[in-house]
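A.B. asks: turn this into a model:
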Amino acid sequence: MSPLFSRQDPSSRGLGMTSQRARDRLVDRLVAEGIRDRRVLDVMRQLPRHLFIDEALASRAYEDTALPIGQGQTISQPWVVARMTEALIEAKLPRRVLEIGTGSGYQCAVLAALVEQVHTVERIDELLRNARRRFRKLGLSNIRSRHDDGRLGWPDEAPFDAIIVTAAGAALEPALLAQLATDGCLVAPVGPSGRQGLLRVRHGDGGFVSENLGAVSFVPLLGGVG
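C.D. replies: Numbering: from 1, shown residues only. Predicted coordinates for the structure are as follows:
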């Protein structure tokens, strides 16, 4: 694979606990924990996760754990990012992906390195502005972003080949299912805190077919904008 983030400045390369060696160790842990898709692993080996969190937490960037990013939100555990991405692209590599919940931008950046176009929606303006700066710094030009209520999706750009939701709702949002193309795939955490499952939904000619990929823990999917 050719370098994915060719416009990185020196801070992207990292030192010590944020170095390439730290990224390699993280990928080794992901493999040991069951992640198998080499495309996903290659992206996560190259992507500088330390740029997506506060500098004070940079030394923990390549731990396999969620970390706070402000506004009551977190950057997801790397294993969860890898598993959701792997589940989304397992059957086929989608061309256009809708992400609900930009957050730090890390999940979006992983997807942008794999697919033709990512549309991402974030309800918290400050988080979205920070994520946009990171996308520019990494030279990710195939991302379109929007400040809006993620539960509404992005109907003007629908249908999407795949949809990924990075916060947990009590149920799947009908508006998002309506924006999923036939033969498309949606991956989302669903359920109350402490009882969330990661669902993968495929849209076939006969309707929607859902499978539970296992227990997860996410912040709640909220409405409105901030």
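A.B. asks: show me where pLDDT drops low in this structure?
C.D. replies: 1-16 (pLDDT under 70).
A.B. asks: who's in contact with the residue positioned nearest the centre of it?
C.D. replies: For the chain, the residue nearest the mean C-alpha position is residue 107 (2.5 Å; CA atoms, centre = their mean). Residue 107 makes contacts with 76, 81, 84-85, 99, 164, 166, as judged by CB atoms under 8 Å, 6 or more residues apart in numbering. Backbone N, C-alpha and C define where each C-beta goes, glycine included.
A.B. asks: give me the subset of these lying in helices.
C.D. replies: For the contacts of residue 107, the ones inside helices are 81, 84-85, with DSSP state H as the criterion.
A.B. asks: pretty sure residue 181 belongs to a strand, no?
C.D. replies: Yes - applying DSSP: H, G, I helix; E, B strand; the rest coil, one finds residue 181 inside a strand.
A.B. asks: that one against residue 202, yeah?
C.D. replies: No - using CB atoms under 8 Å, residue 181 is not in contact with residue 202; the gap is 11.0 Å.
A.B. asks: mind listing the helices for the protein?
C.D. replies: Using DSSP H, the helices of the chain run over 10-13, 20-32, 38-46, 78-89, 106-112, 125-137, 174-178.
A.B. asks: can you list contacts of the fourth one?
C.D. replies: Residues from elsewhere that reach helix 78-89 (CB under 8 Å, 6+ apart): 26, 29-30, 33, 35-37, 39-41, 44, 49, 62, 64, 66, 94, 97, 106-107, 110-111, 114-115, 162, 164, 166, 185, 187, 198, 200, 213, 216.
A.B. asks: quick one: buried residues of that helix?
C.D. replies: For helix 78-89, the neighbour count (16 or more other CB atoms under 10 Å) marks 78-89 as buried.
A.B. asks: mind putting those into CSV with distance to residue 220?
C.D. replies: Below are these laid out as CSV (distance: CB to CB, whole Å):
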residue, distance to residue 220
78, 21
79, 21
80, 16
81, 18
82, 22
83, 20
84, 17
85, 22
86, 24
87, 21
88, 21
89, 26
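A.B. asks: ok, those vs residue 157, which is closest?
C.D. replies: Nearest to residue 157 among the buried residues of helix 78-89: residue 88, at 17.5 Å, using CB to CB.
A.B. asks: how far away is the closest one from residue 222?
C.D. replies: Distance of residue 88 to residue 222, computed by CB to CB, to the nearest Å: 22 Å.
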